[in-house]
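[1] sequence and predicted structure, then a few things I'm wondering about:
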Amino acid sequence: MAQFWAPEPKANVINPGPTGSPRSPAYRAAGHMSQELAGYWPRNTSADSGVLPEQRLSLDRARDLVRNDPHASAAISRLLDMLVGAGWQLVATPDARALGITADAAREAGRAIRSEWRLYTRDPRKFCDRRRQSAFSGLARTAGRTFVNAQEACAVIGYDRARRARGARYATCIELVDPDRLCNPYNAPPTPRQRGGIDFDADGAAVAYNIRKAHLADWWNSPEAMTWVKIPRETAWGRPIFVHAFEPEREGQSRAITVFAPLIGLLRMLGKHGDTELANAVANSLFTASVVTDLPTDEVADRLAAPRTAGMGELRASYIDHLANYFAENPMSLGGVRIPVLPPGSEIRMNNAPRQTANFATFQTAFLRSIAAHLGISYEQLAQDWSQTNYSSARAALNEVWRMIKRMQAVFAEQFMQPVYVAWLEECFDRGFVPGFTREDFLRFPEAWAACRWIGPGRGYIDPTKEAQASALRMESLTSTLENELADQGLELDETLDQIALENEELERRGLSRMSIAEAAATSKLAPDTPEVEEASGKSQNDSRKAAAA
């Protein structure tokens, strides 16, 4: 890069000021004289120099925590439920103005695309999956789980014509790829044109991806694990081939690092603390009593043993006197509990040590709150502890969590769902499944045809009555639409309206009617058999009598 300014002189560690005293930094963060910052010199790194060397070990540790730590596993499950849940719905919205077609034609094309997408993604034969293990919702959940943990997900979009011969409607199929397999061939060091398994062009754009044919840990397939295949990013005309769902957090970043990177040490120590507390409690409960005596161990065992039914000859009478022998043969008992007799100076001490577990819950809660704050979920979701939650706090937590989830959904839709949709949509036009349009129409303006809206899992309700009333007010005041309100609950407009119309027709055919929400609320406002209802009922009867008399 050309230099257009004069370099500044090298700063001295101590730059005397006018008075000869060391210069104080303008920001305390840059100070070096304080006790807490004197030895704090973090490494200056770029995005890739900081991520690439530590990515593998950090992710391995995060996966170990997710497998074995209940809080890490719960966090991944909560995030996945909110990110993908039961699956996503497509609302195809071709841009009529950009395409130069009428709005009605765009809507009809969108309905045809949406219908074909359902046939593709919900095929029970699972042809959309190259391995035929999951329908598309299952593929999205698997990719979403990897995306939540590793902050990236990979897939190859194939085109297998043989699938159509076996009854598949489409040849487009998806193969998920473990991000571990994306690496430089033979673990070569990074270069300006190849880093993290990605080949870059002169502009820094990814053009190809180097994938191991098998995971390095697949010992049963070691020859494939040491063989790489180069997969281009897209075809010459722009059809996506390899999907690398990843959003950089810093300029020049090529690969992602796990979201648990700042939490691995904390989760590890918190798990150890919990295991230690549990082990202490178990050991404390097993250690019931102790015997303080000068007698040999076997002698104490004889005296504390259950009564013997054998004769006196089997007792060790050499050390025990006649009275002790008698009590050993005929022990005293009180209420069925045996009372052993020990020589003078011997005693049994019960273990009365308190089990200090009361503070553990408070200690754990404090750390779980910081973990939940970093992951973007609420403490209640992470710990499944709703005992201290009211409507206001739950609503506030849901608003903050939902803001983060909408961002995650936007990234996942842009980086993973949209490339898959574009590749499939090209075949949809090529097969003539969009009436009136061809593949050439799609290739002429693919971004306008691929315009769509993805509907993820519903937000859910905390208080259904209050939130339904708020939703109605937003629509009445023209600050929201029915489509937006339905999308917040994971529902699609056309499908919902079609179902309502069908239900209304069926109700009318059966001679039934739908009670409105307002009427239902007014009817159930006062519960039966309460003083208010009785008073209202009596007042109504009196009014009826007065009216009849008049």
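    That came through fine. Numbers count the residues shown, from 1 in each chain.
[2] where in this structure is pLDDT low?
    Applying pLDDT under 70 to the chain flags residues 1-23, 283-291, 295, 297, 300-346, 348-358, 515-550.
[3] go again using 80 as the cut-off
    Counting by pLDDT under 80, the ranges of the chain that qualify are 1-24, 277-363, 391, 461, 514-550.
[4] just want the most central residue of it.
    residue 79 (2.2 Å; CA atoms, centre = their mean).
[5] and that residue, how far from residue 67?
    For residue 79, the distance to residue 67 (CB to CB, to the nearest Å) stands at 16 Å. Placement of C-beta: from N, CA and C, glycine included.
[6] quick one, helices of the stretch 201-350 of the chain?
    222-225, 264-286, 297-304, 322-329 (DSSP state H, counting those that start in this stretch).
[7] ok, residues contacting the first one?
    Applying CB atoms under 8 Å, 6 or more residues apart in numbering, the contact partners of helix 222-225 are 212-218.
[8] where along the stretch 451-550 of the chain do the strands fall?
    452-455 (DSSP state E, counting those that start in this stretch).
[9] just the helices in it please.
    With DSSP H, counting those that start in this stretch as the criterion, the stretch 451-550 of the chain has helices spanning 464-476, 482-488, 493-509, 517-523, 531-549.
[10] need the CA coordinates for the second one. CSV is fine.
    Same thing as helix 482-488. Output of helix 482-488 as CSV, limited to C-alpha atoms (Å, rounded to 0.1, in the frame of the first residue of the first chain):
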residue,chain,number,x,y,z
LEU,A,482,-50.8,-9.8,9.9
GLU,A,483,-47.9,-11.3,8.0
ASN,A,484,-45.4,-9.9,10.5
GLU,A,485,-47.4,-11.0,13.5
LEU,A,486,-47.8,-14.5,12.1
ALA,A,487,-44.1,-14.7,11.2
ASP,A,488,-43.2,-13.9,14.8
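[11] now do it: which elements does it pack against?
    Here helix 482-488 touches helix 464-476, helix 493-509, going by 3 or more CB pairs under 8 Å, 6 or more residues apart in numbering; DSSP states H and E.
[12] ok, residues contacting it?
    Counting by CB under 8 Å, 6+ apart, 453, 455, 458-459, 471, 474-475, 492-493, 496 sit against helix 482-488.
[13] out of the residues you listed, who's the most crowded?
    Among those, the one with the most neighbours (other CB atoms under 10 Å) is residue 455, at 22 neighbours.
[14] which residues touch that one?
    88-91, 487, 490-492.
[15] farthest pair within the contacts of helix 222-225?
    213 and 217 (13.5 Å; CB to CB).
[16] compare those two (neighbour count), which wins?
    Shown here are residue 213 and residue 217; by other CB under 10 Å, residue 213 has more neighbours (14 against 10).
[17] pull the residues that contact stretch 116-133.
    Residues contacting stretch 116-133 (CB under 8 Å, 6+ apart): 87, 90, 92, 134-139, 156, 158, 160, 163, 166-170, 172-175, 421, 424, 428, 433-434.
[18] and if we set it to 6 Å?
    For stretch 116-133, the surrounding residues in contact (CB atoms under 6 Å, 6 or more residues apart in numbering) are 90, 135-136, 139, 158, 163, 168-170, 173, 175, 428, 433.
[19] what of stretch 505-517?
    Taking CB under 6 Å, 6+ apart as the rule, stretch 505-517 contacts no other residue.
[20] what does stretch 59-70 contact?
    With CB under 6 Å, 6+ apart, stretch 59-70 has contacts from 72-73, 76, 150, 258, 260, 264, 267, 271.
[21] angle of the helix or strand harbouring residue 115 against helix 493-509?
    Assigning secondary structure by DSSP states H and E places residue 115 in helix 103-121. Between helix 103-121 and helix 493-509, the angle comes out at 90 degrees (axes from the mean of the first three to the mean of the last three CA atoms, to 10 degrees).
[22] which is the next helix or strand following helix 103-121?
    With secondary structure assigned by DSSP H and E, helix 103-121 is succeeded by helix 136-150.
[23] may I see the buried residues of that next one?
    By 16 or more other CB atoms under 10 Å, the buried positions in helix 136-150 come out as 136, 139-150.
[24] likewise for stretch 262-269?
    Result for stretch 262-269 [16+ other CB under 10 Å]: buried residues 263-264, 267.
[25] what's the answer for stretch 390-407, then?
    397-398, 401, 405.
[26] contact partners of that stretch?
    By CB under 6 Å, 6+ apart, stretch 390-407 touches 82, 376-378, 459, 462-463.
[27] could I have the CA atoms of that stretch written out in CSV?
    What follows is stretch 390-407 as a C-alpha-only set of coordinates in CSV (Å, rounded to 0.1, in the frame of the first residue of the first chain):
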residue,chain,number,x,y,z
ASN,A,390,-42.3,-12.7,36.9
TYR,A,391,-44.0,-11.6,33.7
SER,A,392,-42.0,-8.3,33.4
SER,A,393,-38.6,-9.9,33.9
ALA,A,394,-39.5,-12.8,31.6
ARG,A,395,-40.7,-10.4,28.9
ALA,A,396,-37.6,-8.2,29.1
ALA,A,397,-35.4,-11.2,28.9
LEU,A,398,-37.3,-12.6,25.9
ASN,A,399,-37.0,-9.3,24.1
GLU,A,400,-33.2,-9.2,24.5
VAL,A,401,-32.8,-12.9,23.6
TRP,A,402,-35.1,-12.6,20.6
ARG,A,403,-33.1,-9.6,19.2
MET,A,404,-30.0,-11.8,19.3
ILE,A,405,-31.8,-14.8,17.8
LYS,A,406,-33.1,-12.7,14.9
ARG,A,407,-29.5,-11.7,14.1
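[28] follow-up on the earlier one: quick one: which of the contacts of stretch 390-407 is nearest to residue 236?
    residue 82 (38.6 Å).
[29] the closest one falls within a strand, correct?
    No. Counting by DSSP: H, G, I helix; E, B strand; the rest coil, residue 82 is not found in a strand; it is helix.
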